[in-house]
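Colleague: when you get a sec, could you give me coordinates for this:
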Amino acid sequence: MDLCDLPAPESAPESYAARDLDTDEVRDALPTLLWSGLVEQRGGDRGTLRLTPLGAAVLREAECDELTARLSAVASFADTMSMGAAPRPAGLALRRLAEGTWTLEQAKSYVRTGEADADRS
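Modeller: From the prediction side, this is the model:
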């Protein structure tokens, strides 16, 4: 909904599948999203769903928080690299950490042991 309006989940479930969204989860969350003013529905129960300005702001705040946490992890990982980690494993770990694929703990584990802790994936 961030990029464009979406039809109601029951009227076009393929729109949600194409975005890798579970229509049942959207349907369950919809009353709360509508009540809280994050989403509006035009045209009745089978109408179009759209983010409100408040919903867009909340989404941007969540994205910012995620990126802030990721940047903090990257900065923390830089300390690990400065302790003499081998460049190749450290570079891969840093890339995965920056992408958000690995947590800070997984990146550190990879540099120490050559394996990311799979339990944290």
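Colleague: what ranges do the helices span in the chain?
Modeller: With DSSP state H as the criterion, the chain has helices at 13-17, 23-36, 53-82, 87-99, 104-113.
Colleague: in the last one, what counts as buried?
Modeller: Along helix 104-113, the positions that meet the burial threshold by neighbour count (16 or more other Cβ atoms under 10 Å) are L104, Q106, A107, K108, S109, Y110, V111. Quick note: C-beta positions are derived from backbone N, CA and C, even for glycine.
Colleague: ok, residues contacting it?
Modeller: Outside of helix 104-113, the residues that reach it under the criterion Cβ atoms under 8 Å, 6 or more residues apart in numbering are 73, 76-77, 80-81, 85-86, 89-90, 92-94, 96-97, 102, 115-117, 120-121.
Colleague: likewise stretch 16-24?
Modeller: Looking at what lies outside stretch 16-24 - Cβ under 8 Å, 6+ apart - the contacts are L6, P9, E10, P13, V26.
Colleague: buried set for that stretch?
Modeller: Within stretch 16-24, the residues scored as buried using 16+ other Cβ under 10 Å are Y16, T23.
Colleague: quick check: mean pLDDT across it?
Modeller: The average pLDDT within stretch 16-24 is 85.
Colleague: same check on stretch 28-38?
Modeller: The average of the pLDDT scores along stretch 28-38 is 93.
Colleague: for that stretch, buried residues please.
Modeller: Judged by neighbour count using 16+ other Cβ under 10 Å, the buried positions of stretch 28-38 are L30, L33, L38.
Colleague: can I get the buried residues of helix 104-113 in a markdown table with pLDDT?
Modeller: Below are the buried residues of helix 104-113 laid out as a markdown table (pLDDT from 0 to 100):
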| residue | pLDDT |
| --- | --- |
| L104 | 89 |
| Q106 | 91 |
| A107 | 89 |
| K108 | 86 |
| S109 | 88 |
| Y110 | 89 |
| V111 | 84 |
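Colleague: name the nearest of those relative to E63.
Modeller: The nearest member of the buried residues of helix 104-113 to E63, counting by Cβ to Cβ, is L104 at 19.1 Å.
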